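J.: Here's a sequence, model it:
(one chain, ligands or ions: 1)
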Amino acid sequence: MSKYVKVKKDSCIACGSCGSAAPEIFDFDDDGLAEVIFEGDGNKGVTLIASDLLEELNDAIDSCPTSCIKTAAAPFA
Ligand code: SF4
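T.: Below you'll find the model as predicted:
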């Protein structure tokens, strides 16, 4: 199933778990909070995550202690 993803930054505690699980999708922004970097998404949630990364994405979601990684079947913006 196709997925779009973004980080709800106001709930992120910068633990780094998502970037460890899915380094092609998540990295820290200039404020030290996680954001979606996949194909330059800029945490807008408008870039379709490649199907071969969905397992990593699910691992990242499962590892997030604050459940602030949000997914949708359609672009967020
Ligand atoms: S796993 Fe969740 S809380 Fe930790 S850095 Fe990633 S988005 Fe933030």
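J.: C-alpha from now on. contacts and neighbour counts both.
T.: Fine.
J.: Give the closest residue to Leu48 in space, chain neighbours not counted.
T.: Counting by Cα to Cα, 6 or more residues apart in numbering, Tyr4 is the residue found nearest to Leu48 once chain neighbours are left out, at 5.2 Å.
J.: Does the one you found touch Lys44 like I think?
T.: No. Here Tyr4 lies out of contact with Lys44, judged by Cα atoms under 8 Å, at a distance of 9.3 Å.
J.: Identify the contacts common to the two.
T.: Contact with both Tyr4 and Lys44 is made by residues Phe76, according to Cα atoms under 8 Å, 6 or more residues apart in numbering.
J.: longest single helix anywhere in this protein?
T.: As far as residue count goes, and with DSSP state H defining each element, the longest helix of the chain is helix 54-63.
J.: Now it: buried residues?
T.: By neighbour count, with 16 or more other Cα atoms under 10 Å as the criterion, the buried positions of helix 54-63 are Leu54, Glu56, Leu57, Asp59, Ala60, Ile61, Ser63.
J.: Could you look up the SS state of the residue nearest to Ser51 when sequence neighbours are not counted?
T.: Computed as Cα to Cα, 6+ apart, the closest residue to Ser51 that is not its neighbour in sequence is Ser2, at 7.1 Å. Using DSSP: H, G, I helix; E, B strand; the rest coil, the three-state assignment for Ser2 comes out as coil.
J.: Would you mind confirming that Ser2 makes contact with Thr47?
T.: No. With contacts counted by Cα under 8 Å, Ser2 stays clear of Thr47, the gap being 10.4 Å.
J.: Lovely, talk soon.
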